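> Any chance you can model this:
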Amino acid sequence: MAIDSEVLKQYLTDDPPAIVPLSIKPHFEALSSEEKLYAHYISVACFAGTRIVLRQCSPESESMYDLIISLHKYSNGDWKKIQKEAGVSDTDLTQFLNYAAQFLGNAGNYKSFGDSKFVPRVEPATLKAIASVSPKTTELYNQIKDAIYAGDDVAALHLGYPDAGHVSTYYPDSPDITKEEITLVSDFLEGKKLLPENTRLRKTSDGFDVLIASAMQAPHVTDRVVAEDQWELDGKLAGKKLRMVYGDHDLEMGKIAHNLEKAAKHAANDTEKSMMAEYVKAFHTGSQESYMESQRYWIRDKGPMVESDIGFVETYRDPHGIRGEWEGFCAMVNKERTRAFGTLVNAAPDLIPKLPWTAEFEKDKFLSPDFTSLEVLTFAGSGIPAGINIPNFDSIRQSEGFKNVSLGNVLSAKAPNEKIPFIKDADLEVYSKYRDVAFEVQVGLHELLGHGCGKLLQETSPGVFNFDKENPPISPLTNKPITTWYKPGQTWGSVFGAVAASYEECRAETVAMALSCEFDILKIFGLGDGSEDMDGPAGDVLYASYLSMARAGVAALEFWDPKSRKWGQAHMKARYSILQTFLNAGKEFASLDYDQGGDLSDLTIRIERCKILSIGRPAVEKYLQALHILKATADVKTATEMYESITHVDEFFAEKVRPVVLAKKTPRKVFVQANTAIEGDKVVLKEYESTAEGMIKSYAERTYI
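Residues are numbered from 1 along each chain as shown. Below you'll find the model as predicted:
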């Protein structure tokens, strides 16, 4: 059965996409010649992983990438030549180019933010005509022609578990692999202490293959992830074999390691050289232990002029929530904007006690991180965040530290004539003026204190606890001693599984919403004098922050799928739950306003500015306390029940609010990034037009992809 035309509309390419430049030139030109070389080779290493991201997105994405780049090369960027040869209209050419730009901006044909497929606004016959200009492009088109459009199954338009009808290439060539099988194999590998971030899982006729990303297909036994390379499984998988298969993405991993070896020759210090050496070893052999060591060096590399991190990092797109997507970035430090974040770091030990839990549920000592504002030269992956808090390894974060970065030129990038739905006319001036600084404050608090705070109560090894087992902490949720904690070998991700990513983003967001009410913090960002003043600039920023979060919670419904009744984006699920927290605080604080007899097309958000401190913050803190304590104590059952309840989309939001959200949705930005090249003995920067053609050209000139 064909998909309903009204449903199909939400899967069409943005028309037009919001293509914006990632401006970097003055920051790059300020580097020394050695720093430019270091940045160049890291940038090449980052983008050399692009095909990995494409493979992690969908089976057809790599061939679609090749088709776009081959068309550019065939015409030498003269798209009018292709239009003439294909015999298509101006509109058809524009729509194809729009699709190509959005495809490249997401490194695949599923949105990096939302995990839903987007399809061209040109007819299949038109796409075929465009692709038929050469034998090579014709061959590539034939590889993807049956997969690039919507098809007949809505479930296949979303990433997720294959046995639910969704798409996931984290389980390649395994259409019949089940969620239960994935769970059983993952639990077995956890028992072997295998870190899964750089793996994929393939079902075979007699068992399963664990595919490990590495340049080497047969690393020496001393460099292997685990000594064994095969096991006989038992229990529900009795009779099945589990094999370790090295060399996944071997060509790309080799290119990445090679360029990082070159980068090491231009490193600023021994810490950076050691970091590069561990990266190279990790990407050659597949060793996650070496990768963890690289991250230890990374957090010790304080205040570098050129900042970077690279690897299989975030686990949002794996439906099981444990396998990482390839990403890498290279950026320059913005010293002026970094000063405020440094002050925030210094203030952190005094701010954490303001959060709604006692010292037993907090790290024994706050590990002051490096917190910098960066201007991004390169960010390779499926999308670019506004801020980052890594590494994600609990064993490092809990006892050794982490780093925070705010991506300044990402935060400040604007699409022309950007619309702002759901904000009242009376609030538009304040919202428009202060939303950027409010977002910067939010990102800072979210990354530094949100992700950076909190203790996991653990039995670190048999019989050894990081809390007083005989006199366990009293839970503020029950007023009784805690009864659950993490067992030896367990991690936050392994225990909370698929819910972990969104749940942790929600915890970090609520920390930021609570602490943004501290006027001393707003003073750090140059807002007010630290005294409580809801009517001054600090109050304006606080009000804009709460409006922005509520608006994000409404807009989040775009990322909820009514067929599967599941959320497709971790951050948006979190923001919807915070909107519900605002609304549950009562009409005296927040409501959605609209004409009761209408279609909700006039829907706007009402937040009572004067009630943020007296009603809004306490409501947020009550929710935050529950999120935090349940995470700290590994109470996954209670936590999941609570989180799924507050993120449940009822009939009103599904049937009334969501259609308005879809009608008013604004395109998510895709960024045109610069390239670097070595000419003679110098590194030169090449920037591109913020157009679809400019986006395509920027990728076509990365000939190493």
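> Just confirm residue 108 contacts residue 382, I think it does.
Yes - using C-beta atoms under 8 Å, residue 108 is in contact with residue 382, at 6.3 Å. (C-beta placed from N, C-alpha, C; glycine too.)
> Now list whatever residues contact both of these two.
Common contact partners of residue 108 and residue 382 (C-beta atoms under 8 Å, 6 or more residues apart in numbering): 53, 57.
> Pull up the gap between residue 483 and residue 379, please.
From residue 483 across to residue 379, the span is 43 Å (C-beta to C-beta, to the nearest Å).
> Of the two, which one has the most company?
residue 379 (23 against 10; other C-beta atoms under 10 Å).
> Just checking: what are the partner strands of the top strand by length along the chain?
Longest strand in the chain by number of residues, with DSSP state E as the criterion: strand 370-380. Within its sheet, strand 370-380 is paired with strand 326-333 (antiparallel), strand 403-407 (parallel), according to DSSP bridges.
> Next secondary structure after that strand?
Following strand 370-380 in sequence order, the next helix or strand is strand 387-390 (DSSP states H and E).
> Could you pull up the mean pLDDT of the following helix or strand past that following strand?
Remark: after strand 387-390, the chain's next helix or strand is helix 394-399, criterion DSSP H and E. Computed over helix 394-399, the mean pLDDT rounds to 83.
> Buried residues, helix 394-399. List them.
394, 396, 397, 398 (16 or more other C-beta atoms under 10 Å).
> do the same with stretch 333-347
333, 334, 337, 338, 340, 341, 342, 344, 345, 347.
> Stretch 580-592 too?
For stretch 580-592, by 16+ other C-beta under 10 Å, it's 580, 581, 582, 583, 585, 589, 590, 591, 592.
> Now pLDDT too, for the residues you listed, in a markdown table please.
Listed next are these as a markdown table, based on pLDDT from 0 to 100:
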| residue | pLDDT |
| --- | --- |
| 580 | 98 |
| 581 | 98 |
| 582 | 98 |
| 583 | 98 |
| 585 | 98 |
| 589 | 98 |
| 590 | 98 |
| 591 | 98 |
| 592 | 97 |
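> Go through these and flag which are in strands.
Using DSSP E, the subset of the buried residues of stretch 580-592 located in strands is 590, 591, 592.
> between the residues you listed, which is nearest residue 18?
residue 592 (25.8 Å; C-beta to C-beta).
> Excluding chain neighbours, give the residue nearest to the closest one in space.
residue 603 (5.9 Å; C-beta to C-beta, 6 or more residues apart in numbering).
> for that neighbour, phi and psi?
Recorded main-chain torsions at residue 603 are phi -60, psi 130, according to degrees, to the nearest 10.
> Could you report the pLDDT at it?
Confidence for residue 603, expressed as pLDDT, is 96.
> repeat for residue 1
60.
> Can you list the neighbours in contact with the lowest-mean-pLDDT helix or strand in the chain?
Lowest by mean pLDDT, DSSP states H and E among the helices and strands of the chain is helix 394-399, with a mean of 83. Helix 394-399 is contacted from outside by 292, 295-296, 299, 363, 367, 391, 402, 452, 455-456, 491-493, using C-beta under 8 Å, 6+ apart.
> Make JSON lines from those and add pLDDT, distance to residue 207 and neighbour count to it.
Putting those into JSON lines (pLDDT from 0 to 100; distance: C-beta to C-beta, whole Å; neighbours: other C-beta atoms under 10 Å) gives the following:
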{"residue": "292", "pLDDT": "96", "distance to residue 207": "28", "neighbour count": "17"}
{"residue": "295", "pLDDT": "96", "distance to residue 207": "32", "neighbour count": "26"}
{"residue": "296", "pLDDT": "96", "distance to residue 207": "35", "neighbour count": "17"}
{"residue": "299", "pLDDT": "93", "distance to residue 207": "38", "neighbour count": "21"}
{"residue": "363", "pLDDT": "90", "distance to residue 207": "41", "neighbour count": "17"}
{"residue": "367", "pLDDT": "79", "distance to residue 207": "42", "neighbour count": "16"}
{"residue": "391", "pLDDT": "90", "distance to residue 207": "32", "neighbour count": "22"}
{"residue": "402", "pLDDT": "86", "distance to residue 207": "37", "neighbour count": "24"}
{"residue": "452", "pLDDT": "89", "distance to residue 207": "41", "neighbour count": "26"}
{"residue": "455", "pLDDT": "94", "distance to residue 207": "39", "neighbour count": "19"}
{"residue": "456", "pLDDT": "95", "distance to residue 207": "33", "neighbour count": "22"}
{"residue": "491", "pLDDT": "89", "distance to residue 207": "25", "neighbour count": "19"}
{"residue": "492", "pLDDT": "90", "distance to residue 207": "29", "neighbour count": "21"}
{"residue": "493", "pLDDT": "88", "distance to residue 207": "24", "neighbour count": "22"}
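> Let's see which of those residues end up in helices.
Members of the contacts of helix 394-399 lying in helices (criterion: DSSP state H): 292, 295, 296, 299, 492, 493.
> where in this protein is pLDDT low?
1 (pLDDT under 70).
> Select the longest helix from it.
Longest helix in the chain, counting by DSSP H: helix 425-445.
> From the contact counts, what lies against that one?
helix 335-351, strand 403-407, helix 408-411, helix 500-515, helix 519-524, helix 537-555 (3 or more C-beta pairs under 8 Å, 6 or more residues apart in numbering; DSSP states H and E).
> I'd like those as a markdown table, with distance to residue 51 appended.
Supplementary listing: these in a markdown table, determined by distance: least, C-beta to C-beta, whole Å:
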| stretch | distance to residue 51 |
| --- | --- |
| helix 335-351 | 34 |
| strand 403-407 | 24 |
| helix 408-411 | 24 |
| helix 500-515 | 24 |
| helix 519-524 | 42 |
| helix 537-555 | 32 |
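> Residue ranges of each domain in the protein, please.
5-150+687-701, 164-250, 434-664 (the TED database).
> Include distance to residue 371 when you put those into JSON lines, please.
As requested, those are exported to JSON lines (distance: least, C-beta to C-beta, whole Å):
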{"stretch": "domain 5-150+687-701", "distance to residue 371": "18"}
{"stretch": "domain 164-250", "distance to residue 371": "24"}
{"stretch": "domain 434-664", "distance to residue 371": "6"}
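> closest to residue 157 out of those domains?
Closest approach to residue 157 among these is made by domain 5-150+687-701 (4.3 Å; C-beta to C-beta).
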